[in-house]
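Novice: From the sequence below, what's the structure:
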Amino acid sequence: MAPPAFPQLHAPFPRTRPRRLRQADWVRRLVAEVGVTPSDLILPVFVAPGNNVAQPVASMPGVARHSVDRLPFLAEEAAKLGLPALALFPATPQELKAEDGREALNADNLVCRAARTLKDAVPGLGLIADVALDPYTSHGQDGLVIDGKVANDETLAVLAEQACVQAEAGFDVVAPSDMMDGRIGAIRDALDGAGFRDTIIVSYAAKYASAFYGPFRDACNSAASLGKGSKRSYQMNPANGDEALREVALDLAEGADMVMVKPGLPYLDIVRRIKDGFGVPTFVYHVSGEYAVIRAAAENGWLDGDAAMVECLLSFKRAGADAILTYAALDVARRLATTRA
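Specialist: This next block holds a predicted model:
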């Protein structure tokens, strides 16, 4: 899509001086084209086994795994600050992982217990569930592995059942991140058939095989399971942009309500193309590696971490994102509350 054409300026310099609108904070805020508010932010949360657990994630400064009993405190602050939703990810114990990822279908698994607890504690806060098998499989892949390959069609029924289990537990949104072909249609059919017609589907439609996922896999205890394995046979090639549009078109045709781009910063062009091309609610995931790079640099005194984080979030909004999953959601919301006060 060609960039919009701007009319010829009638008054050249010195009559026109763009810096006039940059000279003071009040006018910069007045003419800002985009902004970040707490309503734009979704906090990803890692759920850990045990009680009274708040275990720091070494590769993600400022992020911890939380046991289910501690989640209401986190959720209450998020709701008070104006965040609309949390996205939950389990740190499944290794002994519960299996080749077929059967723990994903356990109605009493970590994320399902967390959802029930949070709906009791903070019922107005949205809850988003990750639909994929990688937190539950001993091999770390997002789908079933048959004869050494990730089996697309055989995985669909398992994902559809997983989504129904999550909806039954109280999740408002299921977010398939697995990148199997046809999974949106299979999940929509299963949800509707089970009476969950109002459950929202956010599709990770443009999820790339990225080098920026490493800290997330540490946080979810899936790095060791995957080992030197690769997800390039189903996650997207970082070299491709047109393919992302085809993925979005397919997922919307199958019943997705909203779509996601993951990661964020390396794919701002994809965010813009999807928003311009489809006009649907478009999310972006500011992933663990992007977050960790900023936090690590800040800890070394190489940059202002808070300012750099907000600048990144603004870039997502400028590219067209409607909402942002970011591990900095609480920190940014706290800063915004202080600024407003």
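
Novice: count of neighbours near Pro12?
Specialist: A count of neighbours around Pro12, defined by other CB atoms under 10 Å, yields 8. C-betas here are computed from N, CA, C, even on glycine.

Novice: Could you check how far it is from Val68?
Specialist: Pro12 sits 64 Å away from Val68, going by CB to CB, to the nearest Å.

Novice: what does Pro49 give?
Specialist: Counting by CB to CB, the separation of Pro49 from Val68 is 9 Å.

Novice: Next, show the common contact partners of those two.
Specialist: In terms of CB atoms under 8 Å, 6 or more residues apart in numbering, Pro49 and Val68 are both contacted by the residues Leu110.

Novice: who has more neighbours, the two?
Specialist: Neighbours around Pro49 and Val68, counted as other CB under 10 Å, are more numerous at Val68. The numbers are 22 against 15.

Novice: Assess the claim that the more buried one and Val111 are in contact.
Specialist: No: under the criterion of CB atoms under 8 Å, Val68 makes no contact with Val111, lying 9.2 Å away.

Novice: Touching both of these two, which residues are there?
Specialist: Listed contacts common to Val68 and Val111 are Val47; contacts here mean CB under 8 Å, 6+ apart.

Novice: so Ser138 sits right up against Ala98, yeah?
Specialist: Yes: in this structure Ser138 lies within contact range of Ala98 using CB under 8 Å: 5.7 Å.

Novice: what's the closest non-adjacent residue to Met208?
Specialist: I think there's a mix-up here, since residue 208 is Tyr and not Met. Met236 (4.7 Å; CB to CB, 6 or more residues apart in numbering).

Novice: Please determine how far the one you found is located from Tyr204.
Specialist: The separation that Met236 has from Tyr204, given CB to CB, amounts to 10 Å.

Novice: For the nearest residue to Thr326 once chain neighbours are set aside, list the residues it contacts.
Specialist: Ranked by CB to CB, 6+ apart and with sequence neighbours excluded, the top spatial neighbour of Thr326 is His286, at 4.0 Å. Neighbouring residues of His286 by CB under 8 Å, 6+ apart: 263-265, 312-313, 316, 324-328.

Novice: If we use 10 Å, what do you get?
Specialist: Contacts of His286 were listed using CB atoms under 10 Å, 6 or more residues apart in numbering, and they are 41-42, 44, 212, 262-265, 294, 309, 312-313, 315-316, 321, 324-329.

Novice: Likewise for Ala211?
Specialist: Residues near Ala211 by CB under 10 Å, 6+ apart: 238, 263, 266, 289.

Novice: quick one: average pLDDT of whichever helix or strand Val111 is part of?
Specialist: Secondary structure assigned from DSSP states H and E places Val111 in helix 110-121. Across helix 110-121, pLDDT averages out at 98.

Novice: which residue ranges form the strands in the stretch 151-300 of the chain?
Specialist: Listed in chain order, the strands found in the stretch 151-300 of the chain under DSSP state E, counting those that start in this stretch are 173-176, 200-207, 258-262, 282-286.

Novice: taking those together, which one is wrapped up most tightly?
Specialist: Neighbour counts averaged per stretch over the strands of the stretch 151-300 of the chain are highest for strand 282-286, at a mean of 27; criterion: mean count of other CB atoms under 10 Å.

Novice: one step back: ok, the residue nearest to Tyr208 - how many residues close by?
Specialist: Applying other CB under 10 Å, I find that Met236 has 22 neighbouring residues.

Novice: For the stretch 51-200 of the chain, which segments count as helices?
Specialist: In the stretch 51-200 of the chain, helices defined by DSSP state H, counting those that start in this stretch lie at 71-81, 110-121, 152-169, 183-193, listed in chain order.

Novice: which strands and helices sit next to the helix holding Val111?
Specialist: In this structure, helix 110-121 makes packing contacts with strand 41-48, strand 64-67, helix 71-81, strand 85-90, strand 126-131, helix 152-169, judged by 3 or more CB pairs under 10 Å, 6 or more residues apart in numbering; DSSP states H and E.

Novice: mind listing what's buried in that helix?
Specialist: Within helix 110-121, the residues that qualify as buried by neighbour count (16 or more other CB atoms under 10 Å) are 110-119.

Novice: And the pLDDT for His10?
Specialist: With respect to pLDDT, His10 has a value of 69.

Novice: List the residue ranges of the stretch 51-200 of the chain that fall below the pLDDT cut-off.
Specialist: Judged by pLDDT under 70, the stretch 51-200 of the chain has no weakly predicted residues.

Novice: and stretch 173-182, C-alpha only, in PDB?
Specialist: Listed in PDB are the C-alpha atoms of stretch 173-182, where the atom choice follows Å, rounded to 0.1, in the frame of the first residue of the first chain:
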ATOM      1  CA  VAL A 173     -10.200 -15.800  25.400                       C
ATOM      2  CA  VAL A 174      -8.300 -18.700  23.800                       C
ATOM      3  CA  ALA A 175      -5.300 -17.700  21.900                       C
ATOM      4  CA  PRO A 176      -3.900 -20.500  19.600                       C
ATOM      5  CA  SER A 177      -0.200 -20.000  19.300                       C
ATOM      6  CA  ASP A 178       0.700 -23.400  17.800                       C
ATOM      7  CA  MET A 179       0.600 -22.400  14.100                       C
ATOM      8  CA  MET A 180      -1.000 -25.600  12.900                       C
ATOM      9  CA  ASP A 181      -3.000 -25.200   9.700                       C
ATOM     10  CA  GLY A 182      -6.800 -25.300  10.200                       C
END
